[in-house]
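> Test case, fold it:
(chains A and B)
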Amino acid sequence: MQQSRARLFKEYKEVQREKVADPDIQLVCDDTNIFKWTALIKGPSETPYEGGVFQLAFAVPEPYPLQPPQVRFLTKIFHPNVHFKTGEICLDILKNAWSPAWTLQSVCRAIIALMAHPEPDSPLNCDSGNLLRSGDVRGFNSMASMYTRLAAMPKKG
Amino acid sequence: MAAKAIADESGSIDDGSDGDPCPICLGPMLQKSYLDTCFHKFCFSCIKQWIKVVSSKVSKQLSSVKCPLCKTDNFYIIHDYDGCSFERYYINRNITDGFVLTKEQRYRLQCYYTESGFMSDVFDVPRFWKLHKFLQPNRWLEAWLRRELQALMQEEDVHIVLHHFIGVMDSFCKRIELRRKQETRSAETNQEQFKAVISEAARPFLMARTDRFVDEIELFLASGLTLEAYDAIYKQRLVRNIRREMGTANEEREEEEGEEQENIRTRVTPFLFIFEEDSD
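Got it, this is the predicted structure:
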């Protein structure tokens, strides 16, 4: 408990310092609980998520960093590896391939990379996965960008 | 903001060590340790904890662990490196690279924890040099050297190092023999040079234990004994050494007096042993 707390404080300090360096990620710690974090990440350019801002929720377990944080999308997203209803993310580094050298910040970067490079062969969102697997990139792109516009962009007017 | 307050507070204390933090706790490196293949650094306790977590997820005993930074397979952790020696912590605590010290090797290692020169009164080292005995081949040297290196390096395969040492010694002896006809050298010069040559050859492998090793090799050569005979005398002395260390100051004084007489009795004439061996 004490170890994970100490490590999260270090990450907190690091995030304060890095804020300027990585404009695509904004990590915020809960005011009262250092084990709860939220992040705002920008959709990567040249993807249907471009222009959107996606919110992630982090729940850090007590044995962190020996165990990975639980991360899910709070913002609705149309992506083969993200559950459409719960926002759960299928990403190896959040499961078997976790390493204690990852940080919350680097997990955000991995998620941005996953947005740019979906893995349709291990889908959590079958509709989205099937579109890509059948080669319908146009169909996928238009669905994904529609949801980006609906859920991840500030409402106009 | 509670988190911010505490973070700022701790910031002033450990900012100095932030240059090279442990990738696991992100804090200053405590008991800095390295993985054996990729040489990435971690706190000893952090990487041990991680290995524990990884091995708890698999049913069979792990023999290697992937580096958290680069995923290279590693077999042990190098820790407590003090500039010349280090300890190893094997991922598979049972196998230790398939090499476990034998009883004989353990006894040799134990010798390195005694004071240097505690055997010097048993074998006549100066005589060995005076009579140029080092120029005569010693057919037990190889066996002795192999065991010694295995104990010190904690490795089974010491073949290359062994032959490197023997080669160095041989060429030294040949050099001396050639020059012997032209110039007369004092026994002390030969002794010094011999030790310097071995020391130079051994240091990359034995590091902090080099100097003692050179003394031990000289002692063994000077003894002129077989491995078994040498061990018997050495062990006898070791036991007495331990007993003396445990005794009180008073007893110690008494025993020292008695020991001096005993030394005279136990001073060994090496030839007797050789004949014994040959008559078998």
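> Just confirm yes or no for the top helix by length along chain A near chain B.
Looking across chain A with DSSP state H, the single longest helix is helix A:2-18. Yes - using Cβ under 8 Å from any Cβ of the partner chain, helix A:2-18 reaches chain B at A:3, A:6, A:7, A:9, A:10, A:11, A:12, A:13, A:14, A:16. All C-beta spots, glycine's among them, are computed from the backbone N, C-alpha and C.
> Tell me which two of the residues you listed sit farthest apart.
Within the residues of helix A:2-18 next to chain B, A:3 and A:16 form the most distant pair, 20.9 Å apart (Cβ to Cβ).
> per-residue pLDDT, residue 116?
Went with chain A since none was named. pLDDT, residue A:116: 96.
> I was after chain B.
74.
> need the residues of chain A near chain B, please.
A:3, A:6-7, A:9-14, A:16, A:29-32, A:34, A:63, A:65-67, A:99-101, A:103.
> Mind checking which of those are buried?
Neighbour-count burial within the residues of chain A next to chain B applies to A:3, A:7, A:9-14, A:29, A:34, A:65-66, A:99-101, A:103; the criterion is 16 or more other Cβ atoms under 10 Å in any protein chain shown.
> Which of those residues sits closest to residue B:181?
The closest of these, once distances to residue B:181 are taken by Cβ to Cβ, is residue A:101, at 66.1 Å.
> residues of the helix or strand where residue B:175 lies that come out buried?
Using DSSP states H and E, residue B:175 sits in helix B:159-180. Buried residues in helix B:159-180, counted by 16+ other Cβ under 10 Å: B:161, B:162, B:165, B:168, B:169, B:172, B:173, B:176.
> The residues you listed: which two are farthest apart?
Maximum distance among the buried residues of helix B:159-180 (Cβ to Cβ): 23.1 Å, for B:161 and B:176.
> Adding pLDDT, write the residues of helix A:2-18 next to chain B out as TSV.
Output for those, formatted as TSV (pLDDT from 0 to 100):
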residue	pLDDT
A:3	86
A:6	92
A:7	93
A:9	92
A:10	91
A:11	92
A:12	91
A:13	88
A:14	86
A:16	84
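> And these, which is closest to chain B?
Closest approach between the residues of helix A:2-18 next to chain B and chain B, by Cβ to the nearest Cβ: residue A:10, at 3.8 Å.
> Assign a three-state SS to the nearest residue to that closest one once chain neighbours are set aside, would you?
Sequence neighbours aside, residue B:26 is the residue nearest to residue A:10 in space, at 3.8 Å (criterion: Cβ to Cβ, 6 or more residues apart in numbering or on different chains). With DSSP: H, G, I helix; E, B strand; the rest coil as the basis, residue B:26 sits in coil.
> Now do the contacts for residue B:26.
A:7, A:10, A:11, A:14, A:103 (Cβ atoms under 8 Å, 6 or more residues apart in numbering or on different chains).
> Spatially, which two of those are the most separated?
Maximum distance among the contacts of residue B:26 (Cβ to Cβ): 10.5 Å, for A:7 and A:14.
> what about the residue positioned nearest the centre of chain A, helix or strand, and which?
Nearest to the geometric centre of chain A sits residue A:111, at 4.3 Å (Cα atoms, centre = their mean). Residue A:111 belongs to helix A:104-116 when assigned by DSSP H and E.
> can you check residue A:139 too?
Here residue A:139 is assigned to helix A:137-151, by DSSP H and E.
> Buried residues, that helix. List them.
Applying 16+ other Cβ under 10 Å to helix A:137-151 flags A:140, A:143, A:144, A:145, A:147, A:148, A:151 as buried.
> Check the offset of that helix from the chain's centre.
Relative to its chain's centre, helix A:137-151 lies at 17 Å (Cα atoms, centre = their mean, to the nearest Å).
> Convert stretch B:50-63 to CSV, retaining C-alpha atoms only.
Only the C-alpha atoms of stretch B:50-63 are listed here, as CSV (Å, rounded to 0.1, in the frame of the first residue of the first chain):
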residue,chain,number,x,y,z
TRP,B,50,8.5,-8.5,-9.5
ILE,B,51,10.1,-11.9,-10.0
LYS,B,52,7.9,-13.2,-7.2
VAL,B,53,4.8,-11.9,-8.9
VAL,B,54,5.8,-13.3,-12.3
SER,B,55,6.5,-16.8,-10.8
SER,B,56,3.3,-16.8,-8.9
LYS,B,57,1.5,-16.7,-12.2
VAL,B,58,3.0,-19.9,-13.6
SER,B,59,2.8,-23.4,-12.3
LYS,B,60,6.3,-24.6,-12.9
GLN,B,61,9.5,-23.1,-11.5
LEU,B,62,10.9,-20.2,-13.6
SER,B,63,14.5,-20.3,-14.6
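> how about it against chain A, any contact?
Yes - contact of stretch B:50-63 with chain A is found when judged by Cβ under 8 Å from any Cβ, involving B:50, B:53.
> Would you mind writing the CA trace of stretch A:109-120 as PDB?
Provided in PDB are the C-alpha atoms of stretch A:109-120 (Å, rounded to 0.1, in the frame of the first residue of the first chain):
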ATOM      1  CA  ARG A 109       0.500   6.600 -24.900                       C
ATOM      2  CA  ALA A 110      -0.100   2.900 -25.500                       C
ATOM      3  CA  ILE A 111      -3.800   3.500 -25.700                       C
ATOM      4  CA  ILE A 112      -3.300   6.300 -28.200                       C
ATOM      5  CA  ALA A 113      -1.200   3.900 -30.300                       C
ATOM      6  CA  LEU A 114      -3.900   1.300 -30.100                       C
ATOM      7  CA  MET A 115      -6.400   3.900 -31.400                       C
ATOM      8  CA  ALA A 116      -4.200   4.400 -34.400                       C
ATOM      9  CA  HIS A 117      -3.500   0.700 -34.900                       C
ATOM     10  CA  PRO A 118      -6.600  -1.400 -34.000                       C
ATOM     11  CA  GLU A 119      -6.200  -5.200 -33.700                       C
ATOM     12  CA  PRO A 120      -9.400  -6.500 -35.300                       C
END
